[in-house]
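Student: turn this into a structure:
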Amino acid sequence: MWIADNWKDYEAIDCSCGEKLERWGRYILLRPDPQVIWNTKKADKRWQKLNAHYHRSAKGGGEWEFFDLPQQWSIRYGALTFHLKPFSFKHTGLFPEQAVNWDWIAHQIQRSKRPVRVLNLFAYTGGATLAAAQAGAELTHVDASKGMVTWAKENAAASGLSDAPIRWLVDDCMKFVEREMRRQKAYDAIIMDPPSYGRGPKGEIWKIEDAIFPLIQACTKILSKEPLFFLINSYTTGLQPAVLAYMLNTAMKKYNGIVDAQEIGLPVSSSGLILPCGASGRWERG
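Tutor: Numbering: from 1, shown residues only. Have a look, this model is predicted:
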């Protein structure tokens with residue numbers, strides 16, 4: 001398992017009874033987590049000192065209950081700054097477990113010692129984009145949500161990366177890749193964090209089981225002659241590490257490289273155990 005254990009401004013404090021107790025900067029949030037199927041003693045006093053609690057509804061969805069939380073606040077990861085705010089379906093605008101991939105991305109770019117063009121698909125609020133830009137890469141950031149792209153730009157500005165070579169695009173990811181194929185564009189690295197289900201800016205339907213492998217195959221057609229890396233993240237139950245590894249091995253077999261896939265996780269400070277938070281598959285140049 002790859003573990004995001006370099007945080008100072010984020011902490012997974014404890015988890016029990018289907019919920020995860022977290023510190024985001026100075027604020028304590030309690031959110032549901034389907035992985036937490038155990039019932040353990042809630043010994044940490046911060047269970048009783050919440051700034052916000054997301055209550056899941058039996059009918060689906062849920063809502064936030066606020067005690068003392070600003071509409072927006074910021075946390076840092078190394079040189080990067082992220083604006084946070086509670087919004088739909090328990091989210092805050094950041095997946096802290098992805099920091100382990102941000103570190104890997106930065107390492108791949110820095111050790112290459114050459115110009116690197118990176119395409120980030122389903123790029124959300126820009127964690128991977130900013131990590132790659134901070135490491136010196138040129139970025140194309142694509143997400144179907146205009147609001148998420150605006151949020152990512154704000155994070156870039158807060159991180160001192162307003163002038164970094166980042167192209168910000170609101171687009172359907174598959175259609176964008178198909179257009180890049182026709183334009184004969186090439187990228188040295190590709191990152192994708194696809195949702196289980198979603199819609200493009202013009203109502204295009206995305207179902208990961210049907211669309212993920214064709215998208216991976218299409219992406220291999222816009223890779224440069226000497227690609228650096230290919231990263232796929234998954235929060236979908238059926239896309240386990242072995243499935244991600246199989247797809248990458250199949251799609252990238254003509255290139256000289258190494259595939260690895262693992263769960264990603266967060267250390268839980270109260271127990272010393274690791275909370276699994278999805279999976280990632282990585283191809284890197286051999």
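
Student: now this structure, which segments are flagged as low pLDDT?
Tutor: Scanning the chain for pLDDT under 70 picks out the ranges 200-201, 206.

Student: quick one: the residue nearest the centre of it from I191, how far?
Tutor: Residue closest to the average C-alpha location in the chain (Cα atoms, centre = their mean): Q98, at 5.1 Å. Per Cβ to Cβ, to the nearest Å, Q98 is found 10 Å from I191. For glycine as for every other residue, the C-beta is placed from the backbone atoms N, C-alpha and C.

Student: mutual contacts of the two, please.
Tutor: Residues touching both Q98 and I191 (Cβ atoms under 8 Å, 6 or more residues apart in numbering) are A128.

Student: if we can go back for a sec, pretty sure the residue nearest to the centre of the chain contacts A4?
Tutor: Yes - Q98 lies in contact with A4 (Cβ atoms under 8 Å); the separation is 7.1 Å.

Student: overlap in contacts of the two?
Tutor: Joint contacts of Q98 and A4 (Cβ under 8 Å, 6+ apart) are I264.

Student: count the neighbours of R56 for me.
Tutor: 16 (other Cβ atoms under 10 Å).

Student: list the beta-bridge partners for it.
Tutor: Beta-bridge partners of R56, counted by DSSP bridges, are G62.

Student: does it touch G62 like I think?
Tutor: Yes - contact criterion Cβ under 8 Å: R56 and G62 qualify, at 4.1 Å.

Student: for these two, list the residues in contact with both.
Tutor: 32, 90.

Student: for D193, give its distance to L239.
Tutor: In this structure, D193 and L239 are 12 Å apart, going by Cβ to Cβ.

Student: kindly apply the preceding question to I216 instead.
Tutor: 11 Å.

Student: this structure: helices as residue ranges?
Tutor: Here the chain has its helices, by DSSP state H, at 99-112, 127-134, 146-158, 173-183, 208-220, 241-251.

Student: tell me which residues are up against stretch 5-18.
Tutor: 20-25, 28, 32-34, 36-44, 46-47, 75-78, 96, 99-100, 103, 266-271, 275.

Student: could you rerun that using 6 Å?
Tutor: 21-25, 32, 36, 39-40, 42, 44, 46, 75-76, 96, 266-270, 275 (Cβ atoms under 6 Å, 6 or more residues apart in numbering).

Student: try stretch 220-240
Tutor: So stretch 220-240 is in contact with 108, 112, 116, 180-181, 185-193, 196, 208, 244, 251, 278-285, going by Cβ under 6 Å, 6+ apart.

Student: now the end-to-end length of it.
Tutor: Stretch 220-240 stretches 21 Å from its first residue to its last (Cα to Cα, to the nearest Å).

Student: so what's the residue count around A158?
Tutor: Neighbours of A158 using other Cβ under 10 Å come to 16.

Student: quick one, what contacts it?
Tutor: Going by Cβ under 6 Å, 6+ apart, the list of residues near A158 reads T81.

Student: so how far is I232 from it?
Tutor: Distance of A158 to I232, computed by Cβ to Cβ: 27 Å.

Student: ditto for V243
Tutor: The gap separating V243 from I232 is 10 Å, by Cβ to Cβ.

Student: thanks again, I'm all set now.
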